[in-house]
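# the amino acid sequence is not available; the structure is as follows:
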C-alpha cells in the first residue's frame, strides 16, 4: 500500500459498490435491468431509458486507449512528483469509456488503440484506484 496524500475519491451511496470492488481488485460497471445498457461512471438512472433498475456486472478489465494526454508540468502541489504522467480515456471491451492513468510504460510509447489491461493500486486501506497498463503481446512462434 502506498502512502498517498493526493485527493482521493469519496464514495457515494450509488458508487460504493464500484469502490468496494476496486478494493478487491475487481472492475465493475453498471448494467440496466430494463434496456441492458452498460454504464460507467456509476449513476442513479440509466442514461438510455431513465430506469432506476441498475445492477452491477464484472468487466473484463481489457480495453483500448481511446485518447490520452501527457502532463509534463504541474504547479507545485500534490501531483508535482508524478510528472510526467498520462491521463487516458479507455474504451473497455464492454463498450463503456472510463478515465484513468496509464502506468507501466513511458508516455512516448503510448498510442491510441493500444491494448491495455486494468491493474489496481492500493493507495489507502479503503481505496484502491484502477489504473491501466499496456498489454504486452507475445510473439507468434
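That came through fine. What you are looking at is a predicted structure, and each value in this text was computed from that prediction instead of being measured. Numbering: from 1, shown residues only.
# show me the domain layout of the chain.
Per the record, the chain has its domains at 11-58, 60-141, by automatic domain parsing.
# span of stretch 49-56 from start to end?
With C-alpha to C-alpha, to the nearest Å as the measure, stretch 49-56 spans 17 Å from end to end.
# could you tell me the least trusted of the domains of the chain?
Among the domains of the chain, domain 60-141 has the lowest mean pLDDT, at a mean of 92.
# contacts for stretch 103-117, please.
With contact meaning C-beta atoms under 8 Å, 6 or more residues apart in numbering, stretch 103-117 is reached by 61-68, 70, 84-86, 88, 90, 102, 119, 121, 131-135, 137. (Each C-beta comes from the backbone N, C-alpha and C, glycine too.)
# narrow those to just the buried residues.
The neighbour-count criterion (16 or more other C-beta atoms under 10 Å) marks 61-65, 68, 85-86, 88, 90, 102, 119, 121, 131-132, 134 among the contacts of stretch 103-117 as buried.
# and which of these is nearest residue 9?
Distance to residue 9 across the buried ones among the contacts of stretch 103-117 (C-beta to C-beta) is lowest for residue 121, with 12.5 Å.
# hang on, the closest one in a strand?
Yes. With DSSP: H, G, I helix; E, B strand; the rest coil as the criterion, residue 121 is assigned to a strand.
# please name the bridge partners of it.
In this entry, residue 121 is beta-bridged to residue 129, by DSSP bridges.
# ok, it touching residue 133?
No. Using C-beta atoms under 8 Å, residue 121 makes no contact with residue 133, being 10.7 Å away.
# burial measure for residue 77, as a count.
9 (other C-beta atoms under 10 Å).
# how much space between the closest residue to residue 96 other than its chain neighbours and residue 102?
If the residues on either side of it in the chain are set aside, residue 96 comes closest to residue 40, at 3.9 Å by C-beta to C-beta, 6 or more residues apart in numbering. As judged by C-beta to C-beta, to the nearest Å, residue 40 and residue 102 stand 17 Å apart.
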